[in-house]
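Please find the sequence and the predicted model below.
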Amino acid sequence: MSTDKPFSQACENNKQPILDVIKNYFGNTPDVLEVGSGTGQHAVFFAQHLPHLFWQTSDQAENHSGIKQWLADYPGDNIGAPLTLDVTAHWPIESASSVFSANTAHIMSWEMVLEFFAGVGNILKSGGYFCLYGPFNFDGQFTSESNQRFDDYLKSQNPAMGIRDFEALQELAGKAGLHFVKKHSMPANNFILVWQKP
């Protein structure tokens, strides 16, 4: 078993609350594309607890080695090795029954977020759900002081990053042919936003 795998404490903290929500949307889906699998922790945990589906990981190439380390220790066969996915380029997958992504929209530039939503709209099968986890603003307002500090930190690292406004994302979703389903409040001032392709 690999002992030097990448590890995110945030992933460890939020994996069960996220599972409690997404199992309601992915309970009957045969496959899920995860956009931005990061360390790979989420993929292994969700695939283990949703054994009926095939969890397809993806990320930019520099994150693949860490994801593969987590997958190497996973005894099941319902996870796919990471695809190289840059949201601004040609997507390496033609269709997915559902899509999941966590903590990605605020580290992408807005131009990348535009391409992200358009890409999800292109590949998501009819009836499929898109579940997006992370911090979001509503009516242009931060939901907590800690989120405002986090946004300041992100912009200090890269001015193109930042917590996104739900209303702006909803506009992108509409253009991508996605209908809003529900907002789930999560621990640590995060949310899961759910859209569905009719």
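Received, thanks.

pretty sure Trp110 is touching Asn158, no?
No. Look at Trp110 against Asn158 with C-beta atoms under 8 Å: they stay out of range, at 11.7 Å. C-beta coordinates here come from the backbone N, C-alpha and C atoms, glycine included.

Please identify which of the two sits among more neighbours.
Applying other C-beta atoms under 10 Å to Trp110 and Asn158 shows that Trp110 carries more neighbours, namely 13 against 10.

Please report the distance of the more buried one from Val181.
24 Å (C-beta to C-beta, to the nearest Å).

cool, and Leu114?
From Leu114 to Val181 the distance is 21 Å (C-beta to C-beta).

Could you do Phe7 as well?
In terms of C-beta to C-beta, Phe7 sits 32 Å off from Val181.

Asp31 contacts Glu94, doesn't it?
No. Assessed by C-beta under 8 Å, Asp31 is found out of contact with Glu94, at 12.0 Å.

who has more neighbours, these two?
Remark: of Asp31 and Glu94, Asp31 carries more neighbours, 19 against 7, as counted by other C-beta under 10 Å.

So which residue is dead centre in the protein?
Taking C-alpha atoms, centre = their mean, the centroid of the chain lies closest to Ser101, which sits 0.7 Å from it.

what packs against the stretch of helix or strand Asn24 belongs to?
Following DSSP states H and E, one finds Asn24 within helix 9-26. For helix 9-26, the packing partners by 3 or more C-beta pairs under 8 Å, 6 or more residues apart in numbering; DSSP states H and E come out as helix 41-49, strand 98-102, strand 129-134, strand 179-186, strand 190-196.

The same query, at a cut-off of 6 Å, please.
Contacts defined by 3 or more C-beta pairs under 6 Å, 6 or more residues apart in numbering; DSSP states H and E place helix 9-26 against helix 41-49, strand 129-134.

Pull out the buried residues from the first one.
Of the residues in helix 41-49, Gln41, His42, Ala43, Val44, Phe45, Phe46, Ala47 count as buried by neighbour count, 16 or more other C-beta atoms under 10 Å.

Which residues are in contact with Thr84?
Ala61 (C-beta atoms under 6 Å, 6 or more residues apart in numbering).

so what's it bridging to?
Here Thr84 sits in beta bridges with Asp59, as judged by DSSP bridges.

what pLDDT does it get?
pLDDT for Thr84: 98.

That one and Ser126: what is the separation?
For Thr84, the distance to Ser126 - C-beta to C-beta - is 27 Å.

go on, Pro159?
Using C-beta to C-beta, Pro159 is found at 38 Å from Ser126.

Equivalent analysis for Val194, please.
16 Å.

who has more neighbours, those two?
When Val194 and Ser126 are compared for neighbours, Val194 comes out ahead with 20 against 9, by other C-beta under 10 Å.
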